[in-house]
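> need coordinates for the below:
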Amino acid sequence: MNGLMILGTASDVGKSMICTALCRILADEGVNVAPFKSQNMSNFTAEIGEGLEISRAQFIQAEAAKTSASLYMNPIMLTLKPEMTSEVHILGERFGVVTGFDYRERYFERALTAINISLAQLAKNYETIIIEGAGSPAEVNLTARDVVNMRVAEIANVPAVLVADIDRGGAIAALVGTLQLLSEKHRRHIKGIILNRFHGDVSLFQEGVDFITSYTGIPVVGVIPYKANHGIEEEDVDRVVRPVPREVERYDAWATHVKKHLNWPLLQKIIQEGMDEEG
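Numbers count the residues shown, from 1 in each chain. Below you'll find the model as predicted:
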C-alpha cells in the first residue's frame, strides 16, 4: 500500500490536523488520496448517509482530500457512554455498550478483520492513504491488543511520521521516550518527525532540530508554527474554532500553512519509497 501513518507522542498533539493538511496537499497535486483511522473514540461524529456515521475528523479529512467520506475511512467507532463505557460500532454495525476490558477481550479479532477489509477497499480506490494513529504508540500496556497504532502500520506496511506538540513543553523528551519504548521492528517504521504548534521564530529552534536528528537518527521533516484561526473543528475536543477570513478556503489555507514549514520533497520521498524488506 502507498501511504503514510501519522503517529503522536500523546493525545491531542495535532495528528488529525496534520493528516487534514496532507490530504489537501496531496489532492492539490493530483493524487487520489483518502484518510483512514482504524478506531476512533469520540462523540464528535458526522453523518454519511443511510443512517451511518464516522468520526468528524475523518469526515473533515475526506473533505480536505476532495473525496466522499465512507465507513472504510473509520471502520471502528467507540461512542462514549456513562460510567466509563462505550457503544461499539464496527463497519456500521452496532454491538451495544461495553467496558474497555470487555471491548478488548470480545472484539479484538472482529476489529482486525474490519481494519483489513477497510484498508483493502481503500487501496483499490485510492493511490495514497493517509493513516492517523491514536494517542501514543508507546502505551506498552495496550500493545498486545493494539488496533490503531503500530499494528495498523504493520498491516498497511507503510512508513510513519511521529508528531510532538512543542507548545505543551517536553517535546524532545516525549519524542526520545516514545522511540525508546517502541520495539525495534516498530521503530523502523518511523521515517520522520514533526514538531507541531511552535511559537516564535522557527529559526531559533535549529539547535533543537539538529539534536533530535543526531540523537534519534530520524530527520525532522517539519516544525509547524501555531495557527489559531484555521477554522477547522478538531478531532475529539470542543475548542472554540476561530474562523478564517470569509474569502479564504479553510483547507487550502491550512494546507498552505503546513506545507510552507515542511520539507515537502523529503516527505514525498518517504511516502514514495514506503517500507523496504528490512523496514
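
> give me the below-cutoff pLDDT ranges for the stretch 101-250 of the chain.
Applying pLDDT under 70 to the stretch 101-250 of the chain picks out residues 235-248.

> how about the strands in it?
128-132, 160-165, 190-198, 220-225 (DSSP state E, counting those that start in this stretch).

> so the last one versus strand 160-165, what angle?
Spelled out, it's strand 220-225. 30 degrees (axes from the mean of the first three to the mean of the last three CA atoms, to 10 degrees).

> cool, and the third one?
Strand 190-198 and strand 160-165 are oriented at 20 degrees to each other (the same axes, to 10 degrees).

> same deal with the first one?
On the basis of the same axes, to 10 degrees, strand 128-132 is oriented at 40 degrees to strand 160-165.

> show me the contacts for the closest residue to Asn149 other than its chain neighbours.
Distances taken as CB to CB, 6 or more residues apart in numbering put Pro137 closest to Asn149, at 3.8 Å, once the chain neighbours are dropped. The C-beta positions use only the backbone N, C-alpha and C, and glycine is treated the same way. Contacts for Pro137 were tallied using CB atoms under 8 Å, 6 or more residues apart in numbering; they are 7, 146, 149-150, 178, 182, 186.

> now swap in His261 and tell me
Counting by CB under 8 Å, 6+ apart, His261 touches 202, 222-225.

> before we move on, back to that, output the strands of the stretch 101-250 of the chain in CSV; the columns should cover distance to Glu93.
Conversion of the strands of the stretch 101-250 of the chain to CSV gives the following (distance: least, CB to CB, whole Å):
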stretch, distance to Glu93
strand 128-132, 22
strand 160-165, 29
strand 190-198, 34
strand 220-225, 37
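
> rebuild those as JSON lines, extending it with mean neighbour count and distance to Val209.
Shown next, in JSON lines, are those (neighbours: other CB atoms under 10 Å; distance: least, CB to CB, whole Å):
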{"stretch": "strand 128-132", "mean neighbour count": "26", "distance to Val209": "24"}
{"stretch": "strand 160-165", "mean neighbour count": "27", "distance to Val209": "12"}
{"stretch": "strand 190-198", "mean neighbour count": "24", "distance to Val209": "8"}
{"stretch": "strand 220-225", "mean neighbour count": "22", "distance to Val209": "5"}
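
> which one of these lies closest to Phe95?
Phe95 lies closest to strand 128-132 among those, at 22.7 Å (CB to CB).

> please write out the alpha-carbon positions of that closest one in CSV.
Extracted in CSV, the C-alpha atoms of strand 128-132 (Å, rounded to 0.1, in the frame of the first residue of the first chain):
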residue,chain,number,x,y,z
THR,A,128,-2.4,7.0,-1.4
ILE,A,129,-3.8,6.5,2.1
ILE,A,130,-3.0,9.0,5.0
ILE,A,131,-3.4,7.0,8.2
GLU,A,132,-4.0,8.5,11.6
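
> ok, back up a step: and the residue nearest to Asn149, how far from Val158?
The spacing between Pro137 and Val158, counted by CB to CB, to the nearest Å, is 13 Å.

> swap in Ser70?
According to CB to CB, Ser70 stands 19 Å off from Val158.

> where exactly do the helices run in the stretch 101-250 of the chain?
Under the criterion DSSP state H, counting those that start in this stretch, the stretch 101-250 of the chain carries helices at the ranges 150-156, 171-181, 184-187, 206-216, 250-260.

> so what's the closest residue to Asn2 other than its chain neighbours up against?
Spatially, and ignoring its direct neighbours in sequence, Asn2 is nearest to Thr128 (5.0 Å; CB to CB, 6+ apart). By CB under 8 Å, 6+ apart, the contact set of Thr128 is 2-4, 26, 31-34, 271.
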